[in-house]
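Novice: Build me a model:
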Amino acid sequence: MVMLTPEIVRWLSSKLKPKSCDYIVSQNREVYIKKSNSNAWHVVEIPQISKNSDNPERDSELFQQSWLKVFMYAKNYLETEVKILCLDRNYVLTSTMPEVLTFGNQIQVGYEIFNIPKEDDIINYMETLDKIVSSYKNLTAKAKKTEGVNVHQSSVTIGREEPVLSQPQVKEEPKTQESASLDLVIRKVTDDYALDDIDFSKFREDNVDLLFIPCQDWKRKSDRLFVQNVERCKREGFSVGTFVYGKAIDDDMIVNEVKKVYELLDRVKDSITNLVIYAVDDNYIKDNADDETKMIKFIEMYLKFPKELNNFGYETIISMDINSKKIIDDVVQKFDLVSDIPVIYTVMPKEKENVSSDESVIVIDPREEHDDVVIKNENLIRDIDNQILNKQHVLTV
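Specialist: Below you'll find the predicted structure:
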């Protein structure tokens, strides 16, 4: 488990110096950490410690937890960035880093490229990731500027001067019934930016039945943005489901999330279906995987979201990534925890083989502006189908 150490504090301090980092920015008492492959940002509010506090120990703990959250968001950003650029077929980091290499192998190659001593220290690990990402971005920017190269059509090499051939063009096969969720074609827009820039003709060509759009960070712009995006989908004639990025890690937070999400959905209830995907906090699961007590409490906590929201007439699906699945499955089986709430797992294209063929998935492809949602739960498929066919849910231009 990662603890807030003086080394981490110094690393964060170096990142927050003016113009020293493009993925962590501070403003007043808020710290913004960029989300990988997205225009959105995590926002962490750093609490102020008062000399006159009634509970200085609690305040100090909250202060440290906030900075640790900033660090974990930064760690997740760098890890995901490296993973994405290693998986992207259009980019080749080095001839010794093919797609078949595991993430651990890729990090090892990073150590070799930058001649960094192989140590277990997490700061060395973070600096390695940082160098891989920044060097890669510098090279792609240089290629665009000096040679006018479209980096999405050519290869970029790090650590070697020998040219690396571009990937051969492969003709895409038509969508199978599996990818269409048994005749339902469902997409998730990748983040909560304005949909005014999205080309809906692609969704029409794919005969998309349902679009999930995010409604995250309702304290700031996203409540207005979500309403705006729902109206855009309505004008374009698409049925809409709601995707919620969960931030709750305790009972008080989950109650607040349910309340805020319901209030937001109620504003657009006549323009959306009652389908909601709630993504649990995968970072919390990863950080507390060895603490079974915390995992049991976390499972009981996040299941309250669908139970409470379903009381208002919504159909909620729990979402988590493939790594969280293994951790949660072990705890559920060991302690015989039972739930009838459907679950969907987020996977990269090459990770689909790690999920059973009868389990629902959200397939994340960094090259696309949307994710494919593949539903395998027959009851849920019928419910979605009925809602789309029901006149009160069908959105017309």
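
Novice: Point out where the stretch 1-150 of the chain drops to low pLDDT.
Specialist: 1-2, 18-20, 85-120, 138-150 (pLDDT under 70).

Novice: show me where it has strands.
Specialist: 24-27, 30-34, 41-45 (DSSP state E, counting those that start in this stretch).

Novice: and what of the stretch 151-300 of the chain?
Specialist: Taking DSSP E, counting those that start in this stretch as the criterion, the stretch 151-300 of the chain carries its strands at 186-189, 210-214, 239-245, 275-279.

Novice: Contacts for the last one next, please.
Specialist: For strand 275-279, contacts defined as Cβ atoms under 8 Å, 6 or more residues apart in numbering pick out 188, 210, 212, 241-246, 261, 265, 302, 305-306, 309, 314-320, 344, 346, 362, 383-384, 387. The C-beta positions use only the backbone N, C-alpha and C, and glycine is treated the same way.

Novice: circling back to that earlier point, tell me which of the strands of the stretch 151-300 of the chain lies nearest to Ser135.
Specialist: Closest to Ser135 of those, according to Cβ to Cβ: strand 239-245, at 30.0 Å.

Novice: list the helices and strands the closest one packs on?
Specialist: Strand 239-245 sits against strand 210-214, helix 222-236, helix 251-267, strand 275-279, with contacts defined as 3 or more Cβ pairs under 8 Å, 6 or more residues apart in numbering; DSSP states H and E.

Novice: Compute the inter-axis angle for the longest one and strand 275-279.
Specialist: Interaxial angle of helix 251-267 relative to strand 275-279 (axes from the mean of the first three to the mean of the last three Cα atoms, to 10 degrees): 150 degrees.

Novice: model confidence over helix 251-267, on average?
Specialist: Mean pLDDT, computed over helix 251-267, is 91.

Novice: Send me that helix as PDB with only the CA atoms.
Specialist: The C-alpha trace of helix 251-267 is given here as PDB (Å, rounded to 0.1, in the frame of the first residue of the first chain):
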ATOM      1  CA  ASP A 251     -21.300   5.400   3.300                       C
ATOM      2  CA  ASP A 252     -21.700   9.200   3.600                       C
ATOM      3  CA  MET A 253     -20.100   9.700   0.200                       C
ATOM      4  CA  ILE A 254     -22.300   7.200  -1.500                       C
ATOM      5  CA  VAL A 255     -25.500   8.700  -0.100                       C
ATOM      6  CA  ASN A 256     -24.400  12.100  -1.400                       C
ATOM      7  CA  GLU A 257     -23.600  10.600  -4.800                       C
ATOM      8  CA  VAL A 258     -27.000   9.000  -5.100                       C
ATOM      9  CA  LYS A 259     -28.700  12.300  -4.200                       C
ATOM     10  CA  LYS A 260     -26.600  14.400  -6.600                       C
ATOM     11  CA  VAL A 261     -27.000  12.000  -9.500                       C
ATOM     12  CA  TYR A 262     -30.700  11.600  -9.000                       C
ATOM     13  CA  GLU A 263     -31.200  15.400  -8.900                       C
ATOM     14  CA  LEU A 264     -29.200  15.600 -12.200                       C
ATOM     15  CA  LEU A 265     -31.100  12.800 -13.900                       C
ATOM     16  CA  ASP A 266     -34.400  14.200 -12.800                       C
ATOM     17  CA  ARG A 267     -33.700  17.400 -14.800                       C
END
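
Novice: Now the strand or helix carrying Asn386 - C-alpha only, PDB.
Specialist: Asn386 is part of helix 378-389 when elements are defined by DSSP states H and E. Coordinates of the C-alpha atoms in helix 378-389 are reproduced here as PDB (Å, rounded to 0.1, in the frame of the first residue of the first chain):
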ATOM      1  CA  GLU A 378     -30.200 -11.500 -21.200                       C
ATOM      2  CA  ASN A 379     -32.600  -9.800 -18.800                       C
ATOM      3  CA  LEU A 380     -30.700  -6.500 -19.200                       C
ATOM      4  CA  ILE A 381     -30.700  -6.900 -23.000                       C
ATOM      5  CA  ARG A 382     -34.500  -7.300 -23.000                       C
ATOM      6  CA  ASP A 383     -34.900  -4.300 -20.700                       C
ATOM      7  CA  ILE A 384     -32.800  -2.100 -23.000                       C
ATOM      8  CA  ASP A 385     -34.600  -3.400 -26.000                       C
ATOM      9  CA  ASN A 386     -38.000  -2.600 -24.500                       C
ATOM     10  CA  GLN A 387     -37.000   0.900 -23.500                       C
ATOM     11  CA  ILE A 388     -35.600   1.700 -26.900                       C
ATOM     12  CA  LEU A 389     -38.900   0.400 -28.500                       C
END
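
Novice: Can you give me the buried ones in that helix?
Specialist: By neighbour count on 16 or more other Cβ atoms under 10 Å, the buried set for helix 378-389 is 380-381, 383-385, 387-388.

Novice: Just give me the closest of those to Arg58.
Specialist: Nearest to Arg58 out of those is Leu380 (Cβ to Cβ; 42.1 Å).

Novice: okay, the closest one: pLDDT?
Specialist: Note for Leu380: predicted pLDDT of 80.

Novice: Perfect, that will be all.
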